[in-house]
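Participant: Quick one, structure for this:
(one chain, ligands or ions: 1)
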Amino acid sequence: MGQETVALASDHGGYELKELLKRELAVKGYKLLDLGTNSADSVGYPDFGKALAEAVASGKATRGVGICGSGIGISIALNRQPGVRAALVGDSLSARLSRQHNDANVLCLGARTTGIDVPKDCLNAFLSTALEGGRHTRRVEKLG
Ligand code: RB5
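Facilitator: Below you'll find the predicted structure:
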């Protein structure tokens with residue numbers, strides 16, 4: 001797990017949470033690819049969602065974390081890119097199921113809706129759970 005590269009991107013609404021989760025990931029030994037934003041100045045979530053989608057789709061990062069105020073805008077931007085399965089979650093069960101059933105490769109979080117501890121739980125569940133396989137793999141394959 002320590003050598004896996006996790007890419008992160010947020011807009012201004014997700015900036016503080018991104019910085020917090022970066023510290024969590026660094027402590028756990030993950031390699032980080034921080035695609036911004038780098039301050040609380042107002043920016044557009046589509047640009048950061050696109051950059052993160054490209055990093056995951058190209059294999060530069062094996063998994064990603066996308067954050068905006070609600071998590072909605074960045075998840076929409078991410079899911080426009082083929083090969084990206086971005087899951088917007090607000091609890092650790094959803095984070096786990098996004099891996100077990102959907103093979104999600106990007107975790108999306110809403111900084112304004114989830115606080116601090118819930119995103120940490122979600123991130124841990126997301127990174128430590130594998131796709132179950134079988135019927136779930138067949139369904140994921142149908143997504144293209
Ligand atoms: C930014 O104000 C806000 O719209 C954005 O962070 C996000 O919530 C959009 O979906």
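
Participant: Residue of the chain nearest the ligand, please.
Facilitator: Distance from the ligand to each residue of the chain (C-beta to the nearest ligand atom) is smallest for residue 73, at 2.6 Å. Quick note: C-beta positions are derived from backbone N, CA and C, even for glycine.

Participant: helix or strand for that residue, which one?
Facilitator: Assigned by DSSP states H and E, residue 73 belongs to helix 72-78.

Participant: Against which helices or strands is the helix or strand just after that helix packed?
Facilitator: Toward the C-terminal end, the helix or strand that comes next after helix 72-78 (DSSP H and E) is strand 86-88. Where contact means 3 or more C-beta pairs under 8 Å, 6 or more residues apart in numbering; DSSP states H and E, strand 86-88 is packed against helix 72-78, helix 92-100, strand 106-110.

Participant: Please see if the shortest one touches the ligand.
Facilitator: Translated: strand 106-110. No - Strand 106-110 lies apart from the ligand when judged by C-beta under 6 Å from any ligand atom; the minimum separation is 6.8 Å.

Participant: From the rest of the structure, what touches that strand?
Facilitator: The contact list for strand 106-110 (C-beta atoms under 8 Å, 6 or more residues apart in numbering) reads 14, 17, 52-53, 56, 63-72, 74-75, 78, 84-90, 95, 98, 119, 122-123, 126.

Participant: For this protein, which residues are neighbours of the ligand?
Facilitator: For the chain, the residues in contact with the ligand (C-beta under 6 Å from any ligand atom) are 11, 13, 45, 68, 69, 70, 72, 73.
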